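Enquirer: sequence-free structure coming up:
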Ligand SMILES: Nc1ncnc2c1ncn2[C@@H]1O[C@H](COP(=O)(O)OP(=O)(O)OP(=O)(O)O)[C@@H](O)[C@H]1O
């Protein structure tokens, strides 16, 4: 096989972000030989950074099958800025709402974790806390700074290099937020519109639990990529999760996955897994409702402590929690990429 033929094969591979052939998107960067080995150079965007490694494995396998020789894949970062979406001019490739049927199931922890995980993997991520009634993101991330205005735009607070905005950063901590629907709509719109998010791969939105008000507002403002619903294994929490899923479906927001939080207790002493609240509930419910199960996150005392101490960021430095949490991020992005690959080709570059 000649290098020209290899390059032709590389051009047929699909970009995980857009689902389009690398030859069409300009991401087939080269083909060369290095002794007995062939080398294919591909460009991948930061949107897909969390699945770069599995994408290149897939590429290598496909090319190997075609050329009958070992092929090494060299990845180069490929820039493709987000197009502005919605009436509010937000530049984000994927906007993901994280919701739950009821409070206290760890929705904010999971929202912050998804954002931090994607960010750590190399994507450009913003985290917006839309839980106006109980904004816990500032606490979980230990934010003490206030957002400031610059050129008439709110500058988000930066945590670990990631922009974060929360109603909790604008309202004094002890003050209760009592808002009617139109005020809520206004606050969320302003939040999205007036915040200088920059160019994002993902905007993760921590939704208030229960009601559909904010989900409806958001779905009217911008094309939401979809929602992730967080639940715990108890039957009653699952029922609440089913209600939340029904609510998202009603307002036309696709369901990207379910996360079962506090799924089981992994005993540090004996190493056994204890299913305190039963097991398999979310998995079964998710399968019934044809929604992917993104992760079963165990109850972890360190996770709770870090949350209380505002050090949720550190969960990714702890191998015990990092693996399952990063796995959750990968499963989410893999699902988005698979949907894109399965979708019919689009005339222009799609906004995911
Ligand atoms: N897997 C876990 N293991 C241990 N503690 C956890 C886990 N997930 C969340 N927590 C803890 O549970 C508490 C509630 O979490 P969190 O604030 O994320 O829930 P929530 O659903 O967003 O609640 P609310 O609706 O009140 O904001 C926090 O103290 C958090 O640190």
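Expert: Nice, I can see it. None of the values given here were measured: they were computed from a predicted structure.

Enquirer: Which residue, other than its chain neighbours, is closest to the spatially most central residue of the chain?
Expert: By CA atoms, centre = their mean, the chain has its centre lying nearest to residue 114, at 5.1 Å. Excluding its sequence neighbours, the residue lying closest to residue 114 (CB to CB, 6 or more residues apart in numbering) is residue 204, at 5.4 Å. (C-beta placed from N, C-alpha, C; glycine too.)

Enquirer: helix/strand/coil for that neighbour?
Expert: Judged by DSSP: H, G, I helix; E, B strand; the rest coil, the three-state class of residue 204 is strand.

Enquirer: How many neighbouring residues does it have?
Expert: Using other CB atoms under 10 Å, residue 204 is surrounded by 30 other residues.

Enquirer: thought it was touching residue 115?
Expert: Yes - with contact defined as CB atoms under 8 Å, residue 204 counts as touching residue 115 (4.1 Å).

Enquirer: before we move on, back to that, could you measure the residue nearest to residue 114 against residue 226, distance?
Expert: Residue 204 sits 12 Å away from residue 226, taking CB to CB, to the nearest Å as the criterion.

Enquirer: Pull up the residues of the chain that are close to the ligand.
Expert: 100, 103-109, 131, 134, 136, 209, 261-262, 297, 299-300, 303-304, 307-308 (CB under 6 Å from any ligand atom).

Enquirer: how about 5 Å then?
Expert: With CB under 5 Å from any ligand atom as the criterion, the chain meets the ligand at residues 103-109, 134, 136, 209, 262, 297, 299-300, 303-304, 307.

Enquirer: If you count residues, where's the longest helix of the chain?
Expert: helix 319-342 (DSSP state H).

Enquirer: contacts for that helix?
Expert: Residues from elsewhere that reach helix 319-342, judged by CB atoms under 8 Å, 6 or more residues apart in numbering: 14, 16-19, 48, 50-51, 54-55, 94, 96, 110, 113-114, 117-118, 120-121, 225, 228, 256-257, 259, 292, 294-298, 300, 302-303, 315-316, 350, 352.

Enquirer: Quick one: buried ones out of these?
Expert: The neighbour count (16 or more other CB atoms under 10 Å) marks 14, 16-19, 48, 50-51, 55, 94, 96, 110, 113-114, 117-118, 120-121, 225, 228, 256-257, 259, 292, 294-298, 300, 303, 315-316, 352 as buried among these.

Enquirer: circling back to that earlier point, for the residue nearest to the centre of the chain, pull up the helix or strand it's in.
Expert: Per DSSP states H and E, residue 114 falls inside helix 107-121.

Enquirer: avg pLDDT for that helix?
Expert: Across helix 107-121, pLDDT averages out at 97.

Enquirer: Give the next helix or strand downstream of that helix.
Expert: strand 125-129.

Enquirer: Residue 46 and the ligand, how far apart?
Expert: 27 Å (CB to the nearest ligand atom, to the nearest Å).

Enquirer: just residue 69 next, same as before
Expert: For residue 69, the distance to the ligand equals 46 Å [CB to the nearest ligand atom].

Enquirer: just residue 239 next, same as before
Expert: Separation of residue 239 from the ligand (CB to the nearest ligand atom): 16 Å.
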